[in-house]
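In: Kindly return the folded structure for what I paste below:
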Amino acid sequence: MSGATLPRIEDVRAAAERLRDVVVRTPLVPLHAFDGRRDVLLKLEIHQPVTSFKIRGVLNAVLCLPPRRRDAGLSTVSAGNTAQALAWCGRHFGVPARSLMPDTAPATKIDAVRRYGGEPVLVPVAELFRYLEERGWEREPYAFIHPWTNRDLMVGHGTLGLELLEELPDLEAVYVPVGGGGLIGGVGSAIKALAPAVRVIAVEPAGCAAFHESLRQGRPARVDCRTMCDGVAVPYITDEVFGVLRQVVDESVCVSEDAVRAAIKRLALSNRVIVEGAGALSVAAALEREPRAAGRTVCLVTGGSIDTATLVAILQDARLPG
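Out: As a prediction, the model looks like this:
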């Protein structure tokens, strides 16, 4: 990605057409409420082929590779959901798909990568981020799909914003989880190009809020990460992604671990929807607002890969495993 150039809406539309035969137009349903409220809606990206939104960006990035480059094999760095999407793409194109993953990744995600035919390479978290910062992929033969800064990946994620506006022309606000920033960069770019009055609200766990801190300092910042939301546990925002996000994000909020657990439990028991920590962030943030404070609102429910033991502990209000 060059500088802070936003993904173009014509590129997002082209990606939507490119992804049409694979990406699911996911359901948009009300957050179950006993008072009859229907102003908060859930965009259930857990119904994508790999149970998360990641297939949008990863597949678009892979489709945009020259065939000879793609045929050399694919690689990425991932907490688990990007790795699942890459493994799906590797199987689809009949090429190897290797993902560097933290050795603390949930077993659910590691096993899923293997089931899709991918190769998870487990390393300590510090080594994973060192690989990214030192551009370790440049010494390897595979085509590397950066999980945040790859422009084609961000464009692919933008199809989610395009889809939202087509389904809900009266949309007033959207809550978007933030890790490395690729999702909100794409979604925000599409929304601001077509409906600039819609508020794009970034949501992070309070224990790993690199974007929130970067906004406070006015420059990309690094933070410590202590959160159950492994899918967004990224301790920094890159310069180029920060430049994009500053143009498309209207507000940044942080939520507690308790709020995330409460959102997971509520979604499971009231909506019968199973989500991981990162997937519940947007709902946790929306529930902390006064009723109708944001108007017609969508929460992006981004992923459903949660370990069974963790889910059971949350439902029973017990201590989390590990």
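In: after the helix or strand of the chain with the lowest mean pLDDT comes which helix or strand?
Out: Comparing helices and strands within the chain by mean pLDDT, DSSP states H and E singles out helix 125-133 as the least confident, with a mean of 91. Using DSSP states H and E, the helix or strand that follows helix 125-133 towards the C-terminus is strand 143-144.
In: Parallel or antiparallel, which strands does that next one pair with?
Out: With DSSP bridges as the criterion, the sheet partners recorded for strand 143-144 are strand 74-77 (parallel).
In: show me where pLDDT drops low in this structure?
Out: Applying pLDDT under 70 to the chain flags the ranges 1-4, 34-38, 290-294, 322.
In: can you give me the strands for it?
Out: Taking DSSP state E as the test, the strands found in the chain are 28-30, 40-44, 74-77, 97-102, 119-123, 143-144, 173-177, 199-205, 251-255, 297-301.
In: Return the list of strands paired to the fourth one, each annotated with direction.
Out: Strand 97-102 sits in its sheet next to strand 74-77 (parallel), strand 119-123 (parallel), going by DSSP bridges.
In: if you compare the ones you listed, which one is most tucked away?
Out: The densest packing among those, expressed as mean neighbour count by mean count of other Cβ atoms under 10 Å, is seen in strand 74-77 with a mean of 26. For glycine as for every other residue, the C-beta is placed from the backbone atoms N, C-alpha and C.
In: Can you list the neighbours in contact with it?
Out: With contact meaning Cβ atoms under 8 Å, 6 or more residues apart in numbering, strand 74-77 is reached by 58, 62, 82-83, 86, 89-90, 95-101, 128, 131-132, 137, 140, 142-147.
In: For PyMOL, what selects the buried ones among those residues?
Out: Restricted to the buried members of the contacts of strand 74-77, where burial is judged by 16 or more other Cβ atoms under 10 Å, the PyMOL selection command reads as follows:
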select buried, resi 58+62+82+83+86+89+90+95+96+97+98+99+100+101+128+132+137+142+143+144+145+146+147
